[in-house]
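**Q** starting from these lines, generate the structure:
(one chain, ligands or ions: 1)
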Amino acid sequence: MRIPNSTIVLTGATGGIGSQLATEFAGAGARMILVSRDQTQLDALIKALPVPEIAPHLAVAVDLLDAAGRQKLRDICAQQDIDLLINNAGTNDFNLLENADPATVARQIELNLMVPVLLTQQLLPLLRRRPSSAVVNIGSAFGSIGYPGYAAYCASKFGLRGFSEALRRELADTSVRVLHVAPRATRTALNSDRVVAMNVALGNAMDDPRQVARFIVQRVQNERWGHCVIGWPERLYAWINALLPAMTDGSLRKQLPVIRKFAEANSRGANV
Ligand SMILES: NC(=O)c1ccc[n+]([C@@H]2O[C@H](COP(=O)([O-])OP(=O)(O)OC[C@H]3O[C@@H](n4cnc5c(N)ncnc54)[C@H](OP(=O)(O)O)[C@@H]3O)[C@@H](O)[C@H]2O)c1
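**A** Down below sits the predicted model:
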């Protein structure tokens, strides 16, 4: 897909991965419509981006959990030619399910799954007006591998992967393509210090958000749509888990005491 002079709606734009996606896509010549709840941060981000040729970047400060916020975003987008929607806003709470706050459980599933589904539905008529357009959903490796301490997050990201697969097939005879990208652990504020410490203890790799953003820009530029897990061996683990889930059960059972220790400390806000 041609990035120069395209218009891209990016949710979660002020976050670790989102701000790098904004930088990389704008650097490649796109005009950005950046979405988060924080107007000041959005304005600061826009100031740091190259000025687009076609029209200024836009900042839309809305709460995506709020139907009125999504409607406001849709109304603004209806005045533009939208080429790409990137559903990137997300949240996670590393916790054992029995210790998790029910409202936090619900919020993860709402923001990570319901919001992309509903926002895509609202913007799809606008995307279909374009000769060539796309939806990019930012999932997670935990959308292919159920991981202890992340039950609600996994539920949301497994759901997002299923949504992306079905939508890709539903839109196969239209001009709208669908990409589902599943990063592995990435160094952003999404992960608490205890999550980072657990990843170090377990030897789980953590990517730089800029690398993740560059990978996504390349996939879009090269029109490599479909589904993709970022990182090796996570791609292999996802594949093994799909074919031989009992094998993953066995290896995660060995990690469980460490995961449990960090999840309980995270829940208490304590050091491990
Ligand atoms: N970091 C990782 O290890 C990792 C790994 C795999 C997948 N991912 C996925 O990558 C995506 C981005 O993650 P990240 O690490 O960049 O997270 P992050 O740094 O925590 O950023 C989250 C973004 O979402 C926005 N947001 C949160 N709640 C919102 C709401 N109610 N309405 C509108 N915007 C909201 C935040 O802005 P405001 O708070 O200002 O609204 C922020 O811009 C997520 O979907 C995540 O699940 C991350």
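
**Q** is stretch 44-63 up against the ligand anywhere?
**A** Yes: under the criterion of CB under 6 Å from any ligand atom, the ligand is reached by stretch 44-63 at residue 63. For the C-beta atoms, the positions are set from N, CA and C on the backbone; glycine is no exception.

**Q** and the gap between residue 199 and residue 191?
**A** Applying CB to CB, to the nearest Å, the value for residue 199 to residue 191 is 8 Å.

**Q** swap in residue 45?
**A** Distance of residue 45 to residue 191, given as CB to CB: 21 Å.

**Q** kindly report the same for residue 132.
**A** Residue 132 sits 35 Å away from residue 191, going by CB to CB.

**Q** now do residue 25
**A** Distance from residue 25 to residue 191, by CB to CB: 23 Å.

**Q** try residue 244
**A** Distance of residue 244 to residue 191, computed by CB to CB: 28 Å.

**Q** now the longest helix anywhere in the chain: mean pLDDT?
**A** Determined from DSSP state H, the single longest helix within the chain is helix 245-268. Averaging pLDDT along helix 245-268 gives 96.

**Q** where exactly do the strands run in the stretch 101-250 of the chain?
**A** Applying DSSP state E, counting those that start in this stretch to the stretch 101-250 of the chain gives strands spanning 133-138, 176-182, 226-229.

**Q** ranking those strands by burial, who's on top?
**A** For the strands of the stretch 101-250 of the chain, the largest average neighbour count (mean count of other CB atoms under 10 Å) is found in strand 133-138, namely a mean of 25.

**Q** summarise which helices and strands that one is packed against.
**A** Packing partners of strand 133-138 (3 or more CB pairs under 8 Å, 6 or more residues apart in numbering; DSSP states H and E): strand 84-87, helix 115-128, helix 151-170, strand 176-182, helix 209-221.

**Q** residues in contact with residue 96?
**A** Residue 96 makes contact with 148-149, 260, 263-264, 267, according to CB atoms under 8 Å, 6 or more residues apart in numbering.

**Q** and it, how close does it get to residue 119?
**A** In terms of CB to CB, residue 96 sits 30 Å off from residue 119.

**Q** tally of neighbours for residue 42?
**A** 23 (other CB atoms under 10 Å).

**Q** wait, it touches residue 62, no?
**A** No: judged on CB atoms under 8 Å, residue 42 makes no contact with residue 62 at a distance of 10.4 Å.

**Q** show me whatever sits in contact with both of these two.
**A** With contacts defined as CB under 8 Å, 6+ apart, the residues shared by residue 42 and residue 62 are residue 35.

**Q** quick one: which of the contacts of residue 96 is nearest the ligand?
**A** Using CB to the nearest ligand atom, residue 149 is the member of the contacts of residue 96 that lies nearest the ligand, at 13.2 Å.

**Q** so who does the closest one touch?
**A** Neighbours of residue 149 in contact, by CB under 8 Å, 6+ apart: 94-96, 259-260, 262-263, 266.
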